[in-house]
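Colleague: A structural model of the following input is requested.
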Amino acid sequence: WITGLAVSVVDGTTTPGASVAAAPAAPPIGSAPPGAAAEARPTAPFAHSAAVFRPGRACVHCRYRRTGPDPEPGCWERHLGQGLRRPDLHVPDLPGHGNDALLQQGAYFMESLSHADVPEAEDEPQSFSLQWRRSVLVESAKLGSPRAETLHPTLCENLSILVYPLHFIDFEACTFPVPLNRGGRMHDTLVFQYSCHTVQRPGPLGEAGIRHHHWIDSGFSPDPERRFADSLASIPEIESGTVVHFAPFEPQHLTTVARRLAAGGSAGSGASDGNDSGIGENRLLAAALAGPAAKGRFLDVAAWLREGYHHPELQGGLGLKDLARALATVPHVRQEWKALSAAQTGLGQQDIQDLILGGESEGFTEGEEAMHAYLLMRAGEVPEDRIPRWTEDLVRYCALDTMAMVLAVRHWQWLCERMPGKENDLP
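Modeller: Here you go, the predicted structure:
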């Protein structure tokens, strides 16, 4: 196990000289803080605020639940969080199922939960399951301090199978109610942009030979995915090494594009147009078309994050943006970032903390925003003088996703190098 920078192994032994601090024992879930009288959790909204403030399911996705007008706290903390250690940790932010039922019982804050709500976390789980993450978050809320960054040993085993070069890819896609091409279907998914960071060799990122490639349908092609496939095929060494992605969409959609092009039709239809699809020259698409036989080339770091990595700044989130925000707080990651040029990151020379944690971004921050921006530009609804800036913002948005994956894999390798017995297992 790795917790913070202190190295220990599953059987409880430590390497000579390693500094492993014993964490204070967490009070039992549902118990009161030391010196405080225990109180039963209310089973209905707090009496003093029921007339003016009643949380519900609509609060779950409301931004003001956690953060109010600067420097005010969010509405839950203002109305319901008096006397709590961590009024910023809310039940809706727990991963997994069961949150709706807890809210209906009047449980709004993690530290108000009991063993009956969330069982205690196992000391040595087989993987970091959602139930384990729920338990860790609740225990952290009760202690008033988060559990340190933790790496599961199986993540180091996963990292050992990587074959260089590594191609970190991310696609942005949209749908059209009316098909773009003859033979297409309503709401076919079409990729309008990708980012690819290639890491040629292991080791510190400044010495790893990183290159950034990207494509965006800035010309609003009638068949954007043919251009997408051509651009993807032109990436140096894309036919070798490992393709790293986050969640299943990228390999699944590559399979769809490969089948369309192999049939000789446009990427947006199943009909033949008599043009050479180029599928034989694009070995990445050919690998995608191979189905199960290609699984070794495509690796999903979302599964690795979900099952093998805990960071307190994730705060229950397991998305790529959550991972990027957590990594931006890690000193080792910030050091690696400084060794990269603007051309390598595709994100300029801005400090990573300012880039990710610097407050409201002037660009796009969510996939839905990026999709709507592209559709508006394609429909001619955006003034001409704004299109270059929006296009640049879309490129940066996608590059940040692939760069986050690069930083994550490198940081995990760095942690594994400090785990006893694992030094020789990494590429």
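
Colleague: In terms of helices and strands, where is the nearest residue to residue 400 once chain neighbours are set aside?
Modeller: Leaving aside its chain neighbours, residue 400 sits nearest to residue 347 (6.1 Å; criterion: CB to CB, 6 or more residues apart in numbering). All C-beta atoms are positioned from the backbone trio N, CA, C, and that covers glycine. If you go by DSSP states H and E, residue 347 is not part of any helix or strand.

Colleague: give the contact list for residue 347.
Modeller: Applying CB atoms under 8 Å, 6 or more residues apart in numbering to residue 347 gives the contacts 355, 396, 399-400, 403.

Colleague: Need those in CSV (columns: pLDDT and secondary structure).
Modeller: Converted to CSV, these look like this (pLDDT from 0 to 100; DSSP: H, G, I helix; E, B strand; the rest coil):
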residue, pLDDT, secondary structure
355, 70, helix
396, 90, helix
399, 92, helix
400, 91, helix
403, 93, helix
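
Colleague: Of all pairs in the residues you listed, which one is the farthest apart?
Modeller: Greatest spatial distance in the contacts of residue 347: 355 and 399, 10.7 Å, computed using CB to CB.

Colleague: okay, now residue 376: neighbour count?
Modeller: 14 (other CB atoms under 10 Å).

Colleague: Now it: which helix or strand?
Modeller: Counting by DSSP H and E, the element that carries residue 376 is helix 367-378.

Colleague: Show me what that helix is in contact with.
Modeller: Applying CB under 8 Å, 6+ apart, the contact partners of helix 367-378 are 172-174, 192-193, 217, 220, 364, 382, 387, 390-391, 393-394, 397-398.

Colleague: Just the buried ones from those?
Modeller: 172-174, 192-193, 217, 364, 382, 390-391, 393-394, 397-398 (16 or more other CB atoms under 10 Å).

Colleague: And the furthest pair within those residues?
Modeller: 173 and 382, at 19.1 Å, using CB to CB across the buried ones among the contacts of helix 367-378.

Colleague: related to what we said a few turns ago, which of the contacts of residue 347 lies closest to residue 262?
Modeller: Closest approach to residue 262 among the contacts of residue 347 (CB to CB): residue 399, at 29.6 Å.

Colleague: Where does pLDDT dip in this structure?
Modeller: 1-52, 68-71, 183, 264-295, 349, 351, 353-354, 357-363, 420-427 (pLDDT under 70).

Colleague: Got phi/psi on residue 171?
Modeller: phi -110, psi 150 (degrees, to the nearest 10).

Colleague: Kindly provide the distance from it to residue 251.
Modeller: 10 Å (CB to CB, to the nearest Å).

Colleague: can you give me the helices for the stretch 101-250 of the chain?
Modeller: Counting by DSSP state H, counting those that start in this stretch, the stretch 101-250 of the chain has helices at residues 130-143, 153-159, 224-233, 249-262.

Colleague: okay if I get the ones you listed as a markdown table plus distance to residue 322 and mean neighbour count?
Modeller: As requested, the helices of the stretch 101-250 of the chain are exported to a markdown table (distance: least, CB to CB, whole Å; neighbours: other CB atoms under 10 Å):
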| stretch | distance to residue 322 | mean neighbour count |
| --- | --- | --- |
| helix 130-143 | 12 | 22 |
| helix 153-159 | 17 | 18 |
| helix 224-233 | 27 | 21 |
| helix 249-262 | 17 | 20 |
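
Colleague: Grab the most central residue of this protein for me.
Modeller: The centroid of the chain falls nearest to residue 320 when counting by CA atoms, centre = their mean (1.4 Å).

Colleague: State the phi and psi torsions of that residue.
Modeller: phi -70, psi -40.

Colleague: Then residue 127?
Modeller: The phi/psi pair for residue 127 (degrees, to the nearest 10) is phi -160, psi 170.

Colleague: which ones are touching the residue nearest to it when sequence neighbours are not counted?
Modeller: In this structure, residue 127 finds its nearest non-sequential neighbour in residue 307, 4.0 Å apart by CB to CB, 6+ apart. Contacts for residue 307 were tallied using CB under 8 Å, 6+ apart; they are 127-129, 152, 154-155.

Colleague: Count the neighbours of residue 99 for me.
Modeller: Residues near residue 99, counting by other CB under 10 Å, number 18.

Colleague: I'd like the distance between it and residue 204.
Modeller: 41 Å.

Colleague: does the residue nearest to the centre of the chain really touch residue 403, like I thought?
Modeller: No. Using CB atoms under 8 Å, residue 320 makes no contact with residue 403, being 10.4 Å away.
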